[in-house]
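*Asks:* Below is the sequence, then the predicted model.
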Amino acid sequence: MKEKGKPLIIVESPTKARTIGRIVGKDFLVEASVGHIKDLPERELGVDIEGGFVPRYVLIKGKEKVVRRLKKLSEASPRIYLASDPDREGEAIAWHIAEEIADGKEVHRVLIHEITPRGVKEALDNPRGLQESLYRAQQARRILDRLVGYKISPLLWKKVKRGLSAGRVQSVALRLICEREREIEEFVPEEYWTITAELEHPSKPPPFKAKLSKKGDQKVEIRTEDEARAILKELQALKFVVHGVKKKERRRTPAPPFITSTLQQEASKRLRFSVKRTMVLAQQLYEGVALGELGHRGLITYMRTDSVRVAPEAIEAARNLIRELFGPEYLPSKPHPFKSRKGAQEAHEAIRPASLDLPPDKVRPYLTQDQYALYKLIWDRFLASQMAQARLEQMTVEVKAGEFLFNATGTVVKFPGFLVLWREEEEEDGFGLPELQVGEALKVREIVPKQHFTQPPARYTESSLVKELEEKGIGRPSTYATIITTLQERGYVVLKDRKFHPTELGRLVSELLVANFPGIMDVGFTAQMEEKLDQIEEGKILWREVLEEFYRSFSEELERASREMRDVKRERRLTDIICDRCGSPMEIRWGRYGEFLSCSAFPRCKNAKMFVRDEEGRIKVVEEERAGEDCPVCSSPMVIKRGRYGRFLACSRWPECDFTKPLTTGVKCPMEGCDGELVERRTKRGRIFYSCSRYPECRYTLSYRPLNEPCPSCGHPFLVEGRKGVFCPNDGCDYRRELEEK
């Protein structure tokens with residue numbers, strides 16, 4: 001008997017819905033929820049602590065129309081498949097959708113790890129029920145984060161300034177950055193010297209360099225120039241003779257295919273992508289791209305994973321391709337046995353190409369430059385992971401000059417193996433040493449002493465911060481992009497030369513949190529909490545027990561902090577700057593945008609000014625309107641200036657620091673293949689409009705102010721604000737809402 005209606009597949013993303021819709025054809029309806037439909041309420045805690053930490057979920061504002069449509073479609077559908085992403089967050093979305101639309105109907109949960117015909121068919125053929133333990137793990141994380149954010153943030157507002165935030169994981173990441181900065185400031189460099197001899201054999205090229213390592217049985221440590229010169233004087237009269245030659249074959253195994261964190265690290269190092277940019281691009285490649293006659297295809301497997309497992313059929317396809325492209329000698333006798341870290345979700349696969357029939361060059365015409373770069377990175381890493389080991393010959397030569405011993409090491413690639421596809425950054429083939437024999441005399445071309453200083457630990461880059469968070473078990477790879485973005489948006493850190501520098505505000509917040517919430521700010525505690533969330537997912541412990549245990553110690557810290565936390569708002573520091581209105585001295589206070597100068601006669605005199613400090617710490621008064629962010633070059637406040645074509649942002653230390661940038665809206669340009677942002681501009685007649693920052697390459701313009709939030713009805717990447725309200729600029733979409741009161 002033929003079913004009435006079509007089965008309904010519900011996913012989060014409109015793009016994902018279009019890709020799956022083309023795969024399943026007319027036999028299914030495919031709809032998007034456009035992300036979460038329910039969450040904790042925005043303006044209240046939304047958690048009944050006394051009643052057992054029961055959360056109160058509400059429909060997200062603007063999602064009413066989406067839910068009504070899904071309900072209507074589900075009523076006419078014989079079966080409902082919930083196909084949100086295969087992780088905790090996806091399980092929570094599926095759970096909430098089922099609560100709203102199931103109405104007694106049986107719903108099926110399907111996990112689509114790759115959006116290909118095979119991947120979708122396999123998922124639909126193997127549905128399961130909703131997994132409560134997975135949902136409870138996500139719910140516990142959400143409640144933990146809500147408790148920390150809603151309990152500590154108001155305290156920071158009261159003691160420092162409004163608009164600050166604290167987070168269970170974000171604050172620990174901030175602590176790492178601030179502590180690294182303190183290590184750098186307290187570091188005292190130590191001088192040391194090295195001595196290198198450039199040598200050659202009379203008849204055996206090439207020349208080579210050997211470094212002084214020992215004198216007799218003692219390691220040589222040269223601290224001063226005088227010591228280096230004394231050794232150099234001794235060496236001048238000595239003969240250099242080959243003392244020992246060792247050869248050893250080394251084998252190098254390829255790295256495993258990407259997981260989320262390693263993809264973020266390599267994309268940062270090799271492509272200079274931010275972690276956020278990497279995840280946006282990976283989501284696009286996973287959800288699907290229009291490939292002309294090839295159709296709408298998902299190009300990679302699911303990109304939020306901590307497992308290096310690869311499906312047997314994918315390994316076999318990779319081995320066949322390697323044999324075809326490079327020859328059988330590049331194929332190991334059996335696949336390499338990669339092992340995931342402890343606690344990895346082995347139900348997921350590593351990040352790999354969804355189909356090896358779509359090499360990067362074949363799909364390049366259909367991808368943006370950034371999409372292609374990331375896809376090629378994933379392709380090369382996966383294929384290299386299945387290739388043969390590289391064979392290297394390492395040769396070590398010891399050279400004696402009297403009591404002094406010099407060492408030289410050379411490496412030659414005998415068989416490249418996987419290195420034909422994947423090398424570490426700036427890795428070269430190495431260099432060889434001449435075929436020397438023990439006892440042979442060598443000619444000295446030059447002996448060079450060189451001064452060095454010990455270096456402080458390096459500041460974190462996005463790549464090294466992700467690596468540190470992963471190694472310490474802080475957060476999960478899927479959260480790293482949000483953590484890093486939040487730290488920057490709150491003004492706690494700035495990126496200079498791709499390295500994180502904590503701002504004065506960031507250091508203050510970190511100092512206050514470490515002093516008053518030692519439990520939450522402890523790195524070990526944060527890692528243990530992640531393990532407990534994993535145990536909730538595995539059904540080993542109850543989610544309420546975890547929350548109760550956490551809240552007992554947290555509430556004690558919170559009560560103590562409310563009494564004892566330093567009240568920065570009330571602090572006053574007098575300066576030698578005189579108020580230009582009443583003649584009283586000005587004092588430094590904290591306000592909405594951080595430190596500012598206020599008249600000490602306040603409230604009788606309400607004169608206030610911004611200031612910056614020069615390199616010697618002296619205060620310079622700034623007159624312009626403050627922009628609420630810091631200069632990425634020198635960390636001084638940015639100010640809003642007016643120019644010929646409208647307002648723009650400039651460093652308050654101008655002209656000493658000449659950094660400027662357009663007044664951006666934070667909204668990406670919607671034109672295909674463009675990576676610009678919409679910026680505010682002004683016509684010659686004074687009318688404000690918005691255009692792409694990549695003008696004249698991109699000439700997209702907009703009359704209304706864009707808002708950085710997707711349309712909840714059709715999924716358009718941004719809404720716009722007009723005089724009568726907020727609406728969607730997408731033709732054919734009738735979404736509209738009234739302006740919120742300000």
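*Replies:* Good, I have the coordinates. Residues are numbered from 1 along each chain as shown.
*Asks:* Can you pull the poorly scored residue ranges out of the stretch 601-742 of the chain?
*Replies:* For the stretch 601-742 of the chain, the stretches with pLDDT under 70 are 614-617, 622-628, 642-647, 655, 684-686, 724, 732, 738-742.
*Asks:* 90 - rerun?
*Replies:* Along the stretch 601-742 of the chain, segments meeting pLDDT under 90 span 603, 606-742.
*Asks:* how close does the residue sitting nearest the centre point of the chain sit to Y690?
*Replies:* The chain has V275 as the residue nearest its centroid, 2.8 Å off, counting by C-alpha atoms, centre = their mean. The gap separating V275 from Y690 is 27 Å, by C-beta to C-beta, to the nearest Å. Heads up, the C-betas are built off the backbone N, CA and C, glycines and all.
*Asks:* Could you write out the alpha-carbon coordinates of stretch 456-469 in CSV?
*Replies:* The C-alpha trace of stretch 456-469 is given here as CSV (Å, rounded to 0.1, in the frame of the first residue of the first chain):
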residue,chain,number,x,y,z
PRO,A,456,61.3,34.2,26.2
PRO,A,457,58.4,31.8,25.4
ALA,A,458,56.5,32.8,22.3
ARG,A,459,53.1,34.4,22.5
TYR,A,460,50.2,32.3,21.5
THR,A,461,49.1,32.3,17.9
GLU,A,462,45.7,30.9,17.0
SER,A,463,47.4,27.7,16.0
SER,A,464,49.4,27.3,19.2
LEU,A,465,46.5,28.3,21.4
VAL,A,466,44.3,25.6,19.9
LYS,A,467,47.1,23.1,20.4
GLU,A,468,47.5,24.2,24.0
LEU,A,469,43.8,24.0,24.7
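*Asks:* which residues make contact with it from outside it?
*Replies:* Stretch 456-469 is contacted by residues 173, 176-177, 180-181, 183-184, 187, 189, 261, 264-266, 268-269, 274-275, 475, 477, 480, 483-484, 495, 498-501 when judged by C-beta atoms under 8 Å, 6 or more residues apart in numbering.
*Asks:* Among those residues, name the ones in strands.
*Replies:* Using DSSP state E, the members of the contacts of stretch 456-469 that fall in strands are 495, 499-501.
*Asks:* among these, who's most crowded?
*Replies:* F500 (26 neighbours; other C-beta atoms under 10 Å).
*Asks:* Tell me what that residue is bridged to.
*Replies:* For F500, the beta-bridge partners are L495 (DSSP bridges).
*Asks:* pretty sure it contacts C178?
*Replies:* No - F500 is beyond contact range of C178, at 9.7 Å (criterion: C-beta atoms under 8 Å).
*Asks:* Tell me, how many residues neighbour Y286?
*Replies:* 26.
*Asks:* K246 now?
*Replies:* Here the number of neighbours of K246 (other C-beta under 10 Å) works out to 10.
*Asks:* what do you get for S635?
*Replies:* 19.
*Asks:* can you tell me which residues contact it?
*Replies:* Contacts of S635 by C-beta under 8 Å, 6+ apart are 494, 496, 501, 503-504.
*Asks:* By residue count, what's the longest helix in this structure?
*Replies:* When the chain is parsed with DSSP state H, its longest helix is helix 132-159.
*Asks:* gap between that helix and the chain center?
*Replies:* In terms of C-alpha atoms, centre = their mean, to the nearest Å, the centre of helix 132-159 is found 21 Å from the chain centre.
*Asks:* so what does that helix touch, helix or strand wise?
*Replies:* Judged by 3 or more C-beta pairs under 8 Å, 6 or more residues apart in numbering; DSSP states H and E, the packing partners of helix 132-159 are strand 47-48, strand 54-55, helix 88-101, helix 504-516, helix 523-537, helix 543-564.
*Asks:* Can you give me the neighbour number for E545?
*Replies:* By other C-beta under 10 Å, the residues close to E545 number 12.
*Asks:* I should have written E122 there, sorry.
*Replies:* For E122, the neighbour count with other C-beta under 10 Å is 16.
*Asks:* cool, and R304?
*Replies:* Neighbour count for R304, taken as other C-beta under 10 Å: 23.
*Asks:* Check whether it really touches P477, as I assumed.
*Replies:* Yes - between R304 and P477 there is a contact under C-beta under 8 Å: 6.7 Å.
*Asks:* Can you get me the start-to-end distance on stretch 613-621?
*Replies:* Terminal residues of stretch 613-621 lie 9 Å apart, using C-alpha to C-alpha, to the nearest Å.
*Asks:* that's a strand at C674, yeah?
*Replies:* No - with DSSP: H, G, I helix; E, B strand; the rest coil as the criterion, C674 is assigned coil and is not in a strand.
*Asks:* Just list the residues touching it, thanks.
*Replies:* 692, 694, 697-698, 700.
*Asks:* One more: K65?
*Replies:* Counting by C-beta under 8 Å, 6+ apart, K65 touches 712-713, 735.
*Asks:* most surrounded residue in those?
*Replies:* Using other C-beta under 10 Å as the neighbour criterion, P712 leads the contacts of K65 with 22 neighbours.
*Asks:* ok, that one touching V34?
*Replies:* Yes - using C-beta under 8 Å, P712 is in contact with V34, at 5.8 Å.
*Asks:* so L59 sits right up against I37, yeah?
*Replies:* Yes - when contacts are counted by C-beta under 8 Å, L59 is listed as touching I37 (6.4 Å).
*Asks:* Separate out the buried members of the contacts of S635.
*Replies:* Using 16 or more other C-beta atoms under 10 Å as the burial test, the contacts of S635 include 494, 501, 503 as buried.
*Asks:* Do I have it right that the first one meets T503?
*Replies:* Yep, that's V494 we're talking about. Yes - here V494 reaches T503: they are 6.1 Å apart, a contact under C-beta under 8 Å.
*Asks:* shared neighbours, those two?
*Replies:* Joint contacts of V494 and T503 (C-beta under 8 Å, 6+ apart) are 630, 635.
*Asks:* rewinding a little: I'd like the helices and strands packed on helix 132-159 written out as JSON lines, with mean pLDDT added.
*Replies:* Listed next are the helices and strands packed on helix 132-159 as JSON lines, based on pLDDT from 0 to 100:
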{"stretch": "strand 47-48", "mean pLDDT": "93"}
{"stretch": "strand 54-55", "mean pLDDT": "94"}
{"stretch": "helix 88-101", "mean pLDDT": "91"}
{"stretch": "helix 504-516", "mean pLDDT": "91"}
{"stretch": "helix 523-537", "mean pLDDT": "89"}
{"stretch": "helix 543-564", "mean pLDDT": "93"}
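*Asks:* Mind putting these into CSV with distance to S635?
*Replies:* Shown next, in CSV, are the helices and strands packed on helix 132-159 (distance: least, C-beta to C-beta, whole Å):
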stretch, distance to S635
strand 47-48, 37
strand 54-55, 39
helix 88-101, 35
helix 504-516, 8
helix 523-537, 26
helix 543-564, 28
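*Asks:* what's the most buried one of those?
*Replies:* Ranked by mean neighbour count, the helices and strands packed on helix 132-159 are led by helix 88-101 with a mean of 23 (mean count of other C-beta atoms under 10 Å).
*Asks:* Now do that one: which elements does it pack against?
*Replies:* For helix 88-101, the contact count by 3+ C-beta pairs under 8 Å, 6+ apart identifies strand 38-39, helix 64-75, strand 80-82, strand 107-109, helix 132-159 as packing neighbours.
*Asks:* Need those in TSV (columns: distance to L663).
*Replies:* Output for the helices and strands packed on helix 88-101, formatted as TSV (distance: least, C-beta to C-beta, whole Å):
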stretch	distance to L663
strand 38-39	31
helix 64-75	33
strand 80-82	42
strand 107-109	45
helix 132-159	27
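*Asks:* winner for burial among the ones you listed?
*Replies:* strand 80-82 (a mean of 24).
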